[in-house]
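**Student:** what follows is a protein structure lacking sequence information:
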């Protein structure tokens, strides 16, 4: 993965990705469930057009009984519906310096949807997992070339993670069939993990007796400082809090304008390592912090709401920050942790706010 | 509006816009009606959260009878449903050099939806347009600061355009209530015009006896070469053809890979000045052109499908282009027409394709 030089502007190739993919506009953090079309989206290749009548899901490899299921057959099995926060592993990448060249996310590549589908564990139980099994390979129907390697998008998950969690094979998002861009007709949803494992346009599940060595596991999505390292795999989501930017935006700078007074700051926080236990807010760029109030977390796999009343009497410019702590003891850093792929940069969000008697403010 | 220097990379401010707004991924051009969530989206300020029960539409100014309508009252009036292609006036901006600093679109800021709603003309007839009327001001409920001016987003339309066309006040998109990001609960849809006039989150319609001199009409959305000029207003959509990029993409470069053989290239073409009469395709970067086959245009305001069979025997790299001609005699240029705001750059699309025996190709 190449890098931009220090301070270098976004390249045309990065822009091509940024123009087709999109984050969740931060004001949509006001919603517990992100509306379709506002939920972040990263498509590695093209969104494939799949005929749901012809579509089949195959379950094969180290299993006692191979399965081949139509969409109707999948929908007739017991269904589970859970709200899940999914974040892109590359969220925060464009804040790194030097900047790894890939989809240039700032902080907005996260969303929460209500996913409905079949339990992967229950389907694997039905197929009967062999004694030699170590991983489960999830293969999508989207194809392209990446890092010089022609491939269908596919990722493996360790067997314990595939069996031990509420991993879904989802066919509905927010009460409707999946839209094309979110994996129609069926996608994987792995709660707690970065989005690369939630394979869209699922076509095949292969139980493996050896670890998968394909591109998306062995080369991409690894924490490395240089190309010579094997690196550790990217797995669960690091904690992050984001706020709904208060007041109204400047079109170009996205800096905020609001009037003096007491303002309620609101946002959401999440972690793949454990429940959110504390969110702190700073109105002075991270010099001093106050504890936010926490709301109820909707299920174990979705973001937790927080709020904080900010009394601001003086006109001027402020830098608002927030940071999350999880039950596993993880806390967001003030400085970005760098790695070659630009993964998991959960450095705190910074929102510039101009307090004044601007008539468009509120 | 500032500019980037020649060859300058995309700035952080442009990236902030590109990360929240998004184009239509070009593979979605395969669909006559763009699915929600794939349709391009440009939000000047924030997507406002509007309570549909409390929402009212006011019609005032130079009218015989002021109106104030609830959403139910609007929905009880005669409804019209039409497919409309909407394109952002800034589409193509990021291809200009020097590059005007704003939302950095390449070519993908266009989409087609089925919009259902009330005719603006019928509503204005009900209110009774005064004899002094010259323009109709359409005011949104979204607010922000732009070019140093605090404002709600609002644009005026000349009276003849407001009355003489199938201008809709739409409350449904593709058969469902508008999603928040497309203007819920009610937006304007002005067929044939660039998207800046299709005001979202509509709150008020004001019939004016004098031309509107607000920011979005008098400063933004004008063709000028320098800040000293008044410039001509941006109005209708210039012709453009886009193709579904054939084969499969490289993740980063978005260049395409496909096998030798005969490939059907497909795409859509549209113009706000008249029906599409001809689409030409080039497989050699614009040196030679062939006529595409045209399909039926779904209504007067939506894009027209086209296709062309491309026989390619030799491995190698090709640059595919397409260009549209409309019934008014407009044709897409090969070189981008520059202006200060970066509007209406309809220079031909160029798609790089590698033909070879790549196993991911098709």
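**Tutor:** Structure's in. What do you need? The shown structure was predicted, so the numbers you read here are calculated from the model rather than taken from an experiment.

**Student:** surely residue A:197 meets residue A:188?
**Tutor:** Yes - counting by CB atoms under 8 Å, residue A:188 is a contact partner of residue A:197 at 7.1 Å. Just so you know, the C-beta spots here come from the backbone N, C-alpha and C atoms, and that holds for glycine as well.

**Student:** what touches both of those two?
**Tutor:** Common neighbours of residue A:197 and residue A:188 (criterion: CB atoms under 8 Å, 6 or more residues apart in numbering or on different chains): residue A:138.

**Student:** residue closest to the middle of chain A?
**Tutor:** residue A:87 (1.0 Å; CA atoms, centre = their mean).

**Student:** skipping adjacent residues, who's closest to it in space?
**Tutor:** The spatially closest residue to residue A:87, leaving aside those adjacent along the chain, is residue A:110, at 4.1 Å (CB to CB, 6 or more residues apart in numbering or on different chains).

**Student:** and for residue A:214?
**Tutor:** According to CB to CB, 6+ apart, the nearest residue to residue A:214 is residue A:154 (6.0 Å).

**Student:** so what strands line up beside whichever helix or strand that neighbour is part of?
**Tutor:** Secondary structure here is read from DSSP states H and E; on that basis residue A:154 sits in strand A:149-158. Strand partners for strand A:149-158, identified by DSSP bridges, are recorded as strand A:135-146 (antiparallel).

**Student:** for residue B:127, see how far away the residue nearest to residue A:60 when sequence neighbours are not counted is.
**Tutor:** The spatially closest residue to residue A:60, leaving aside those adjacent along the chain, is residue A:66, at 4.8 Å (CB to CB, 6+ apart). Residue A:66 sits at a distance of 67 Å from residue B:127 (criterion: CB to CB, to the nearest Å).

**Student:** neighbour count for the two, which is higher?
**Tutor:** Each of residue A:66 and residue B:127 had its neighbours counted (other CB atoms under 10 Å in any protein chain shown), and the higher figure belongs to residue B:127 (18 against 11).

**Student:** now that one: how far from chain A?
**Tutor:** 28 Å (CB to the nearest CB, to the nearest Å).

**Student:** show me the contacts for that residue.
**Tutor:** Applying CB under 8 Å, 6+ apart, one finds that residue B:127 lies in contact with B:59, B:63, B:64, B:65, B:66, B:67, B:207.

**Student:** one step back: on the pLDDT front, check the residue nearest to residue A:60 for me.
**Tutor:** Looking at residue A:66, its pLDDT stands at 98.

**Student:** what of residue A:181?
**Tutor:** 98.

**Student:** which SS state does it fall under?
**Tutor:** Following DSSP: H, G, I helix; E, B strand; the rest coil, we place residue A:181 in the helix state.

**Student:** contacts only, for the residue nearest to it when sequence neighbours are not counted.
**Tutor:** Of all residues not flanking residue A:181 in the chain, residue A:47 sits nearest, at 5.1 Å (CB to CB, 6+ apart). For residue A:47, the contact set (CB under 8 Å, 6+ apart) comprises A:142, A:180, A:181, B:25, B:27, B:28, B:38.

**Student:** show the pLDDT at whichever residue of chain A sits closest to chain B.
**Tutor:** Of all residues in chain A, residue A:9 sits closest to chain B, with a separation of 1.8 Å (CB to the nearest CB). Turning to residue A:9, the model gives it a pLDDT of 88.

**Student:** count the neighbours of the residue nearest to it when sequence neighbours are not counted for me.
**Tutor:** Once flanking residues are discounted, residue A:9 sits nearest to residue B:9: 1.8 Å by CB to CB, 6+ apart. When neighbours are counted by other CB under 10 Å, residue B:9 registers 19.

**Student:** ok, residue B:9 to residue B:251 distance?
**Tutor:** 20 Å.

**Student:** with residue A:22 instead?
**Tutor:** Looking at residue A:22 against residue B:251, where the rule is CB to CB, the gap reads 17 Å.

**Student:** ok, the two, which is more surrounded?
**Tutor:** When residue A:22 and residue B:251 are compared for neighbours, residue A:22 comes out ahead with 24 against 20, by other CB under 10 Å.

**Student:** next to chain B in this structure, residues from the stretch 151-300 of chain A, please.
**Tutor:** With CB under 8 Å from any CB of the partner chain as the criterion, the stretch 151-300 of chain A meets chain B at residues A:151-152, A:179-182, A:245, A:248-254, A:257.

**Student:** now, of those residues, which are buried?
**Tutor:** With neighbours counted by 16 or more other CB atoms under 10 Å in any protein chain shown, these contain buried members at A:151-152, A:179-182, A:245, A:248-252, A:254, A:257.

**Student:** re the thing from before, right, and out of the contacts of residue A:47, which lies closest to residue A:230?
**Tutor:** Within the contacts of residue A:47, distances to residue A:230 taken as CB to CB reach their minimum at residue A:142, with 26.5 Å.

**Student:** the residue nearest to residue A:285 when sequence neighbours are not counted: helix or strand, and which one exactly?
**Tutor:** Spatial nearest neighbour of residue A:285, chain neighbours left out: residue A:319 (3.8 Å); criterion: CB to CB, 6+ apart. Here residue A:319, judged by DSSP H and E, is contained in strand A:316-326.

**Student:** show me which residues of that strand are buried.
**Tutor:** Within strand A:316-326, the residues scored as buried using 16+ other CB under 10 Å are A:318, A:320, A:321, A:322, A:323, A:324, A:325, A:326.

**Student:** need the max-distance pair from those residues.
**Tutor:** Top of the distance list for the buried residues of strand A:316-326 (CB to CB): A:318 and A:326, 26.8 Å.

**Student:** give me the domain ranges for chain A.
**Tutor:** Using automatic domain parsing, the domain parsing of chain A gives A:3-233, A:240-355.

**Student:** quick one: closest of the ones you listed to residue B:271.
**Tutor:** It is, among the domains of chain A and with distance given as CB to CB, domain A:3-233, at 22.4 Å.

**Student:** surely the residue nearest to residue A:181 is in a strand?
**Tutor:** No - remark: residue A:47 does not belong to a strand; assigned using three-state DSSP, it is coil.

**Student:** what's the separation between it and residue A:20?
**Tutor:** 9 Å.

**Student:** which residues do these two both contact?
**Tutor:** Both residue A:47 and residue A:20 are contacted by residue B:25, under the criterion CB under 8 Å, 6+ apart.

**Student:** picking that back up, export the buried ones among the residues of the stretch 151-300 of chain A next to chain B to a markdown table and tack on distance to residue B:79?
**Tutor:** Rendered in a markdown table, the data for these read as follows (distance: CB to CB, whole Å):
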| residue | distance to residue B:79 |
| --- | --- |
| A:151 | 47 |
| A:152 | 44 |
| A:179 | 25 |
| A:180 | 27 |
| A:181 | 29 |
| A:182 | 30 |
| A:245 | 37 |
| A:248 | 33 |
| A:249 | 34 |
| A:250 | 38 |
| A:251 | 33 |
| A:252 | 38 |
| A:254 | 37 |
| A:257 | 39 |
